[in-house]
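**Student:** Here is a sequence together with a model predicted from it:
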Amino acid sequence: MRQWRFEVFNRSGFADVHGQSVLEDITELGLDMVEAVQSAKVFLIEADFDESFARRVATELLSDAVCEEYYIGRSKAPAGLAKATLIEVHLKSGVTDPVAQSVMTALADMGVKTDNVRTARKYVLLGEIKQSKAEMIAKRVLANDCIEDCIIGDEAEPPSPHLKPYELEVLHWPIRQLDDKGLEALSKDKDLFLNLIEMRTIQKHYVDLGREPTDIELETLAQTWSEHCVHKTLKSSVDMSVEGEEIHFDNLLKETVFKATKDLDKDWCISVFADNAGVVEFDEDSAICFKVETHNHPSALDPYGGSATGIGGVIRDPMGTGMGARPIANTDIFCFGRPDMSLEDVPKGVLHPRRIMKGVVSGVRDYGNRMGIPTVNGAIYFDDRYLANPLVYCGNIGIMDKDKCFKNAQPGNLIVMVGGRIGRDGIHGATFSSGEMTHEHETIFSHAVQIGNPITEKKMLDVLVRANEAGLYEAITDCGAGGLSSAVGEMGQELGAEVDLEKAPLKYAGLNYTEIWISEAQERMVIAVKPENLAAIQKIFDDENVESTVVGKFTNDKKLILRYQGRQVGELGMDFLHDGVPKYSRKAVWTSPKLHEPSISEKDSYNDELLAILSSYNVASKEWVIRQYDHEVQGGSVIKPLTGVSNDGPSDAAVIQPKLGSNRGLAISCGMNPVYGDIDPYWMALAGIEEAIRNVVCVGGRFDRIAVLDNYCWGDCTRPETFGPLVRASQACYDGGMAFSVPFISGKDSLNNVFSCEDGSRISIPSTLLISAISIVDDIGKCVTMDAKKASNNLFVVGQTKDELGGSHYYRVKGELGANVPKLDLALAPRIASSIAEAIASGLVVSCHDCSEGGLAVCLAEMAFAGGLGIEADLRGLPKSKDCRRTDAQLFSESNSRYVVEVEPDNYDAFARLMLKVPFGQIGRVTEEKKFVVKSEDGGNVIDIDIETLKNAWQKTFDW
Amino acid sequence: MTEVRAIVLRAAGINCDMETEYALELAGTKAQRVHVNRIIEDVDMLKDYQIIVFPGGFSYGDDVAAGKILANQVIHHLSEAVRKFIEAGKLVLGICNGFQVLVKAGILPGGGAKRHQNEVTITYNDSGKFEDRWVYLAPQTGKCVFIEPGRRIYLPIAHAEGKVVVRNEAILDNLKSADCIAFKYVDKNGEEGDYPVNPNGSVASIAGLTDATGRVLGLMPHPERFIRPTQHPRWTRREDKVCADGTMIFNNAVKYVRENL
């Protein structure tokens, strides 16, 4: 076998866009000595072919004859030019290399069998670059040392990754004789992330059994009992002190979020908080399921891979719900530190926020787009407390037949693993994501980062849809956190299971039985198949080159038996595994912070404030991100994320048409405002809930068919003062769910989003609750968008504006927080939402926009420039509370329950009749002249700007 | 009336097959999605169809280059069958990734024999990233059966590698003189322009190509994504009567088959 090395460069005269973008990233780092970057693809192929065939491989397969040229062997740096530095980036041994797999497929099509293919990237940097700077560029721009190795200027190839096969050695981890210190040490040494009470519980269990546990048993318990998998904090009993008053919960989640759903008892909720995603009715035949997950810790270490596997993982949730749904939409919400932060302010072990943001967006883009699932909704939120713990929320919506919403695995069913192979990637992901990050995580936990290959997942989806239609399996679930251990453990919870671990297909030799069992290698599902259906289902898989393997069977003794080459390596009772986790009681405390309103003097003009808010990171246009996502694949796009006369205004929510032959639609939105939580997390949560609801209502979603999801991302909840806000937010979820008659159908939490810096200081994220909403649209033809439509139409504000500038963007651009956080009138808010929904359904509304971040001024400005029209507004027409007298409060207060609605003159009366029982007033009208003018109550023009200026301010921030 | 049968090719990573099948059925065909493995096993099955569509997606992850691995498969297993299909007067349509495959397999702009000395290819957008946006297209030829000359249409693109490039100026002149340019990117008034009018930097604003017969069309924009008025990005403005331009491509194909095959 000979190793062939191919290098592929761009032909001169054809742009090297990859090299150019690397150069931009280097310049952004503040390094100006690099004059040019040339990039090349490197292929290392071990095969028995000769020189002339190698040339064929190079011309026909690896390079493009028009715009590329190849070199067989190792090319030298270009002569006669400035000094060149060569840097090569290779994947670490064992990291998935999708391109290599495709090259092997293509070589097989050319009639060649290959032993091994690897790919790498080569960069030629021109300029006077010192070794230390080259290393910095390699580390900061070119490679991620979590998954890649850099070779600077060396001629040596990385070693070929042929690994030794594993030889069985059953390991016992003695626990019975350990004292508390020993228990804690064991948990820490083995990265189990189990606390002392859990270790004691396990110790007692093995004392009762009269034996020591094996490694795989403890690992299984650690995965199953991880915060990531069982949400022990949210299910704990809580003693809460609110401003000195004591409240007790036996089970926090059951008495707040779940309780709202239970008390509402909607007949259109099919499966809630039970399966991998929440399931609601769509129409007579179909159901919709929705799940949002976070992938925060992996994205902090490897933004691209972490976010890609985040979206890849959440797609498998609907695919593993009931008998499996077909994914139809993605949502993505991110929280980052400020992208313009100076490098010196970024702590050791943390990537720069701009690099994190670019990596996360690219990861979600490449995975979602390749899966052929439209990314239709999202948000990005910036706060420096997300610097070391970026939040990456990925959501997926699926559609399924209504009669296939439940699983039915039975004893005797075969356990079949479908999809990708198992590697050493993602070991301890579930436990790792449940712990706190430190500056050392970068190196220690690189193995917890999973690497995705969307095409493997797409192939698997294609065949699973066919197998589901043919009714060839009894149950399905995804292999996510915890790998096989969670998938088989969960599916066999009421049955029992036996698994022969050596049968599982591996990416490369050398994995021990525990690694096979807990690896979170991506793109795998587990199904339960009746023995008589095995041949038929495997034919479907084989037909499209999807690997499937019988790894065991379900039994009826409620035991989990793990074997390797016939020898038992672990045995656990399903009851202890799933119900043995000790119940926690936690303390929580909430005391209102001592805050006050800033003193800001009133002005005659608020043009500057409006422009500053429009350009602020949170409000500014996210078009740079949105356009990188395919939001129209599958052909169901109705309301796109960007809308208006130039296709660039900010939609409130997306609407898709899940079934191409039906006019029924689905509206999708989200709501979140962490800064309100700095004042009061109760009102933060209610504001998030209502914002999500307002957004789906604004585009034409039915008010009586809204379902929501909760995703908590919090700091260290063992601290009562961090947990208190979570309890308060949960109370708000109950109150909000009940008030709006909106059930929570699924949720997830990610706790311990704290970073320990080298100097011992800790950075905790702000308490962050994401609410995601879906609603049914009866007739997509009645949807509306937020862009102003026609001059001389009337503009109304529905809902009351109060003096509630606390946490507002107006205060933020002035560096203030304030105290008067927007509250919510739980009786009035649902009436307003329902009136708006009725007006839209009656066809009386031509545009509708949620009035939230930045208040009325931002809302009207966005409507104007999205519509390419002017707006004249008069604050005398604004419905407001008596105390809301200041002009800045009227313009920028972020009071809840407000909508701005555009109505044609002919429909004035009909619209007004529908609004009789809610606060509303005419704020102004749409004008031909492209100016946004607001008159104060005194009659002065407090805002007077042309819409181009407004739009430029809004667009320039992310004009990357 | 002739039953018009269309085959929509599936492969690992192809992801626009369902909506393409739906668009073909709306146009009156009996459409079927078939995996490339089935066709390779039994190339004779193509006899039963008059239209082959290579739909959009990321075949094999666009690894190595967009459409490259699937094109390699077509070259090694299907080139003869596709050549015969075209010679029999039948139609081939490649959308987005399908267009990339047709070009990289040497089916477009044609001349099969020269397949490995490609003169035309499709590479990375000048912007260096994937973009989803709507573009206006001006037809450039009267001979392509999918196109109505003179009718400017509006469709979405969604790609990272859509920039058509040629080896040299002479090749571009050949494309023009052989009437192979099917569509150009233009603005709403029909004028060529820089980004974003030409969203990827294609030479001569080329958005689509046809072959010598006019029965093969490849284009980067997605006609199957605009077959209902509510897919138009500004339908809620209700400014003009929105006509779903993508239907034109499929309807013309069906009309041609009915009248000629």
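**Tutor:** Perfect, I can see it now.
**Student:** The closest residue to residue A:340 other than its chain neighbours: how many residues sit nearby?
**Tutor:** Spatial nearest neighbour of residue A:340, excluding adjacent residues (C-beta to C-beta, 6 or more residues apart in numbering or on different chains): residue A:354 at 7.5 Å. Backbone N, C-alpha and C define where each C-beta goes, glycine included. When neighbours are defined as other C-beta atoms under 10 Å in any protein chain shown, residue A:354 has 20 of them.
**Student:** Mind checking what secondary structure residue A:354 has?
**Tutor:** Classification of residue A:354 using DSSP: H, G, I helix; E, B strand; the rest coil returns helix.
**Student:** Return the residues in contact with the nearest residue to residue A:830 once chain neighbours are set aside.
**Tutor:** Nearest residue to residue A:830, sequence neighbours excluded (C-beta to C-beta, 6+ apart): residue A:740, at 5.0 Å. Applying C-beta atoms under 8 Å, 6 or more residues apart in numbering or on different chains, we find residue A:740 in contact with A:689, A:690, A:693, A:706, A:829, A:830, A:833.
**Student:** Closest one to residue A:855 out of these, please.
**Tutor:** Nearest to residue A:855 among these, counting by C-beta to C-beta, is residue A:690 at 15.0 Å.
**Student:** How much space separates the closest one from residue A:821?
**Tutor:** Residue A:690 sits 13 Å away from residue A:821, going by C-beta to C-beta, to the nearest Å.
**Student:** the more surrounded of those two?
**Tutor:** Taking other C-beta under 10 Å, residue A:690 and residue A:821 do not tie; residue A:690 has more neighbours (30 against 26).
**Student:** quick check, that one in a helix?
**Tutor:** Yes: judged by three-state DSSP, residue A:690 forms part of a helix.
**Student:** Surely it is in contact with residue A:898?
**Tutor:** No: counting by C-beta atoms under 8 Å, residue A:690 stays clear of residue A:898, with 9.9 Å between them.
**Student:** Can you pull the residues of the stretch 51-200 of chain B lying near chain A?
**Tutor:** For the stretch 51-200 of chain B, the residues in contact with chain A (C-beta under 8 Å from any C-beta of the partner chain) are B:56-58, B:60-65, B:68-69, B:72-73, B:75-77, B:104, B:116-121, B:123-134, B:156, B:158, B:165-167.
**Student:** Which ones among those residues lie within strands?
**Tutor:** Counting by DSSP state E, these place B:120, B:121, B:123, B:131, B:132, B:133, B:134, B:156, B:158, B:165, B:166 in strands.
**Student:** And the residue of the stretch 1-150 of chain B that's closest to chain A?
**Tutor:** residue B:15 (2.3 Å; C-beta to the nearest C-beta).
**Student:** how many other residues sit next to that residue?
**Tutor:** Residue B:15, neighbours per other C-beta under 10 Å, totals 26.
**Student:** Check the one 4 residues further on too.
**Tutor:** By the criterion of other C-beta under 10 Å, residue B:19 has 25 neighbours.
**Student:** Checking it next. Helix, strand or coil?
**Tutor:** helix.
**Student:** Distance-wise, check it relative to residue B:146.
**Tutor:** Applying C-beta to C-beta, the value for residue B:19 to residue B:146 is 17 Å.
**Student:** helix/strand/coil for residue A:950?
**Tutor:** Recorded secondary structure, residue A:950: helix (three-state DSSP).
**Student:** Correct me if wrong: it contacts residue A:615.
**Tutor:** No: applying C-beta under 8 Å as the test, residue A:950 and residue A:615 come out as separate, 10.0 Å apart.
**Student:** more neighbours, these two?
**Tutor:** residue A:950 (25 against 18).
**Student:** got any ranges where chain B has weak pLDDT?
**Tutor:** By pLDDT under 70, the low-scoring segments of chain B are B:111-117.
**Student:** Name the single longest helix found in it.
**Tutor:** Longest helix in chain B, counting residues (DSSP state H): helix B:246-260.
**Student:** Now that one: buried residues?
**Tutor:** With burial defined by 16 or more other C-beta atoms under 10 Å in any protein chain shown, the residues of helix B:246-260 counted as buried are B:246, B:247, B:248, B:249, B:250, B:251, B:252, B:253, B:254, B:256, B:257.
**Student:** show me which of those neighbour chain A.
**Tutor:** Okay, of the buried residues of helix B:246-260, nothing touches chain A (C-beta under 8 Å from any C-beta).
**Student:** Could you dump the residues you listed into a markdown table and include distance to residue A:427?
**Tutor:** Putting these into a markdown table (distance: C-beta to C-beta, whole Å) gives the following:
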| residue | distance to residue A:427 |
| --- | --- |
| B:246 | 47 |
| B:247 | 52 |
| B:248 | 54 |
| B:249 | 50 |
| B:250 | 49 |
| B:251 | 55 |
| B:252 | 55 |
| B:253 | 52 |
| B:254 | 54 |
| B:256 | 57 |
| B:257 | 56 |
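**Student:** for these, which one is nearest residue A:635?
**Tutor:** Distance to residue A:635 across the buried residues of helix B:246-260 (C-beta to C-beta) is lowest for residue B:246, with 9.4 Å.
**Student:** That closest one and residue B:5: what is the separation?
**Tutor:** For residue B:246, the distance to residue B:5 equals 20 Å [C-beta to C-beta].
**Student:** go on, residue B:15?
**Tutor:** Applying C-beta to C-beta, the value for residue B:15 to residue B:5 is 23 Å.
**Student:** thinking again about what came up before, among the contacts of residue A:740, which two are most distant?
**Tutor:** A:706 and A:829 (12.7 Å).
**Student:** Find the nearest non-adjacent residue to residue B:163, please.
**Tutor:** Using C-beta to C-beta, 6+ apart and skipping residues adjacent in sequence, the residue nearest residue B:163 is residue B:200, 4.3 Å away.
**Student:** Tell me the helices and strands packed up against whichever helix or strand residue A:89 is part of.
**Tutor:** Assigned by DSSP states H and E, residue A:89 belongs to strand A:84-91. If contacts are counted by 3 or more C-beta pairs under 8 Å, 6 or more residues apart in numbering or on different chains; DSSP states H and E, strand A:84-91 sits against strand A:114-126, helix A:131-137, strand A:148-152.
**Student:** Buried residues, whichever strand or helix holds residue A:738. List them.
**Tutor:** Taking DSSP H and E as the definition, residue A:738 sits inside helix A:720-740. Within helix A:720-740, the residues that qualify as buried are A:720, A:722-740, counting by 16+ other C-beta under 10 Å.
**Student:** How many residues are close by the closest residue to residue B:219 other than its chain neighbours?
**Tutor:** The spatially closest residue to residue B:219, leaving aside those adjacent along the chain, is residue B:208, at 3.1 Å (C-beta to C-beta, 6+ apart). The number of residues packed near residue B:208 is 29, by other C-beta under 10 Å.
**Student:** now residue B:208, what's its secondary structure?
**Tutor:** Applying three-state DSSP: residue B:208 is strand.
**Student:** can you pull the contacts of it?
**Tutor:** Residues in contact with residue B:208, defined by C-beta under 8 Å, 6+ apart, are B:99, B:137, B:181, B:182, B:183, B:217, B:218, B:219, B:220, B:221.
**Student:** who touches the last one in this structure?
**Tutor:** So that's residue B:221. B:95, B:96, B:135, B:137, B:155, B:156, B:157, B:183, B:207, B:208.
**Student:** The residue nearest the centre of chain B bridge partners, please.
**Tutor:** Nearest to the mean C-alpha position of chain B, by C-alpha atoms, centre = their mean, lies residue B:218 at 2.7 Å. On the basis of DSSP bridges, residue B:218 is bridged to residue B:94, residue B:209.
**Student:** Quick check: it touching residue B:99?
**Tutor:** Yes: counting by C-beta under 8 Å, residue B:99 is a contact partner of residue B:218 at 3.5 Å.
**Student:** ok, for residue 35, nearest residue in space, not its chain neighbours?
**Tutor:** Since no chain was named, I'll use chain A. Nearest residue to residue A:35 in three dimensions, chain neighbours excluded: residue A:127, at 4.3 Å (C-beta to C-beta, 6+ apart).
**Student:** sorry, should have said chain B
**Tutor:** In this structure, residue B:35 finds its nearest non-sequential neighbour in residue B:10, 4.6 Å apart by C-beta to C-beta, 6+ apart.
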